[in-house]
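Take this sequence and fold it.
(one chain, ligands or ions: 1)
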Amino acid sequence: MKLPNYHAPRWDEPVVMELGRPGARGQLFPAPEQEIEVAEIPAAMQRKDRPELPEITEFEAQRHYLHLSQMTLGMMGISLFGTCTMKYNSKTAEAATLRPELAEVHPYQHPDTLQGVLEIIHDFDGILQNLSGMDQFVFQAGGGADAAYTMAALARAYWADRGELGQRTEMVTSIQAHPCNPATAAAAGFTVINLPLEENGYPSIEALKAAIGPKTALLMINNPDDMGIYNPEIKEWVRLAKEAGALCFYDHANFNGVMSKLSARELGFDACMFMLHKTFGAPKGGGGPAVGAFGCSDEFAPYLPAPVVVKQGDAYRLDNDRPKSLGKIREFWGNVPQVVKAYAWARAMGAEGIAIASDISVVANNYMDKKLGEIAGIEISNPHIRKRRMEMTRWSLGPLAQETGIGTADFANRMADYGIDPWWMSHEPWIVAEPFTPEAGELWSKQDIDQWIGVVARIVQEARETPELVKSAPHNQAIAQVDGSVFEDPKAWAMTWRAWQRKRAGDAKARSGSV
Ligand SMILES: Cc1ncc(COP(=O)(O)O)c(C=O)c1O
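Residues are numbered from 1 along each chain as shown. Here you go, the predicted structure:
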């Protein structure tokens, strides 16, 4: 097979704040309009200094961002990135969010002037209700982890309301849940019980029974888990947890392979979340610029973060009168443009299209598994489990690592040299040696999947013949291998230009001996 002969451009591009010169302008803003009374802006909100913006021309700004985009692999390459369901983000959906009815409105406007966008949110809530059996969705969470936190905060509000928070102190999950489940439960004050996996790839019912009881506040679980294994006993899990009085939350990040095949409510769950930036075709970006749609049954709806979009007669309104609400998860109603994009995806697909996409994703993944299984040196996790995986699969590079010394992180670096996205490995702790977790999905063609597997086969060959080439990769990328040790040293990095300047100024002072 012909593999991509790729080389990234290399631009010596400074950060935008270091470009340009004083006085250079991309935009000339008009003076404030007469009727805007600057004095009416509260003093605390009035700037004391001019904003420190980059001083460059429009052309220079365009050139800068073009260069940066050219040095990015991006989503136009092939990305079989497991637990994340890569999907095409359509230009039509993007265009819908640029319309003035959405781009130029503000959540503080009177709801009478926001009926269109409220209708979209309400309709999309209905679509997710159909897919999950839940009674009410909200879109405030900025990603999956935020939605998991919504659950933890809801459980806290619920148990506090019943006067049992002092007794219900524990949250139960599995070692293969996404770390945001235990982390958010711990952040909400619960003690985390993490169940280990058994031979069959999921925790045993006995382990669950031993873990749950009168102290259990909630069960948070994903299924299929992040290994791609579906727990066939999930209904019994939920039954047992509810028998002990616990709330049950379904983390639906790995929903793609089961879309329209099962319903969280029918399995007994009280609440669930969907990631619009994964399953529903909205752009990526967990932990902030995305949306974790959170849904629950009527019983728990009073605890949802406000406002909730409701329909009264023919009108839509924002229900803020929710005295039992857990409070805010984020400002306003969440990232509404993402909701519109996901709504556009769902409407374009239709119920039938969503079911077909799910089937394709499972077939594609099993095709990928079959082909990967033909490469000597890599093996599927839990190889004794004969049952097929769902929409993604955890694999192991363990045998190859033993033979050649090339581990999964080396391998990932080399993948970028072929112009494809490095694979996703696994969350810590690694319970599979040298793991990687690909997910084929319905987006990629057979040719794309074959090419991706062709790259994997080529790098396995390189690991045997020229291991140094793999160890020192990437070679065709805009930047060479990054020394990851600096990530452990907060003094070495900065998240913003201002923080960088502060740290640099601190360094200069330290060097001159003034501190
Ligand atoms: C199972 C599972 N739950 C939760 C999350 C967290 O989602 P997000 O990255 O949107 O915060 C992920 C992310 O990959 C996941 O795989």
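
For I229, which residues are in contact?
Contact criterion C-beta atoms under 8 Å, 6 or more residues apart in numbering gives Q176, G201, Y202, N382, I385, R389, M390 as the residues in contact with I229. All C-beta spots, glycine's among them, are computed from the backbone N, C-alpha and C.

One more pass at 10 Å, please.
Contact criterion C-beta atoms under 10 Å, 6 or more residues apart in numbering gives 176, 197, 200-202, 223, 381-382, 385, 387, 389-390, 392-394 as the residues in contact with I229.

And the furthest pair within those residues?
The most widely separated members of the contacts of I229 are N200 and M392, with 18.2 Å between them, by C-beta to C-beta.

What count of nearby residues applies to the nearest residue in space to L397 that is not next to it in sequence?
The shortest distance from L397 to any non-neighbouring residue, by C-beta to C-beta, 6 or more residues apart in numbering, is to E434 (3.9 Å). The number of residues packed near E434 is 22, by other C-beta atoms under 10 Å.

Could you check how far E434 is from the ligand?
Applying C-beta to the nearest ligand atom, to the nearest Å, the value for E434 to the ligand is 20 Å.

Could you double-check that that residue sits in contact with I378?
Yes - contact between E434 and I378 holds when scored by C-beta atoms under 10 Å: they sit 8.9 Å apart.

Please enumerate the shared neighbours of those two.
By C-beta under 10 Å, 6+ apart, E434 and I378 have these common neighbours: W395, S396, L397, G398, P399, L400, A401, T408, F411.

for E13, what are its contacts?
Listed by C-beta under 10 Å, 6+ apart, the contact set of E13 reads L19, R63, H64, Y65, H67, L68, Q70, M71, A478.

and of these, the nearest to the ligand?
The ligand lies nearest to L68 out of these, by C-beta to the nearest ligand atom, at 22.9 Å.

so the closest one, which of the three states?
The three-state label given to L68 by DSSP: H, G, I helix; E, B strand; the rest coil is helix.

Let's verify I221: helix, strand, or coil?
For I221, the secondary structure call by three-state DSSP comes out as strand.

residues near it, how many?
For I221, using other C-beta under 10 Å, the count is 26.

and if you look at the one 4 residues further on?
Other residues within reach of D225 by the criterion other C-beta under 10 Å amount to 26.

if I pick it, what's in contact with it?
Under the contact definition (C-beta under 10 Å, 6+ apart), the residues listed for D225 are 83, 174-178, 197, 201-203, 231, 251, 253-254, 390, 392, 394.

Who does F274 form a beta bridge with?
Legend: beta-bridge partners of F274 under DSSP bridges are A293.

For the residue of the stretch 1-150 of the chain found nearest the ligand, give me its contacts.
Among the residues of the stretch 1-150 of the chain, G144 lies nearest to the ligand; the distance is 2.3 Å by C-beta to the nearest ligand atom. Residues touching G144, when contacts are defined by C-beta under 10 Å, 6+ apart, comprise 83-84, 178, 180-181, 222, 251-253, 273-278, 286-287, 290-294.

related to what we said a few turns ago, nearest to P214, of the shared contacts of E434 and I378?
Taking C-beta to C-beta as the measure, P214 sits nearest to S396 out of the shared contacts of E434 and I378, at 39.7 Å.

circling back to that earlier point, filter the contacts of G144 down to the buried ones, ChimeraX style.
A single ChimeraX command selects the buried members of those (16 or more other C-beta atoms under 10 Å):
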select :83,84,178,180,181,222,251,252,253,273,274,275,276,277,278,286,290,291,292,293,294
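
Kind regards, and thank you for your time.
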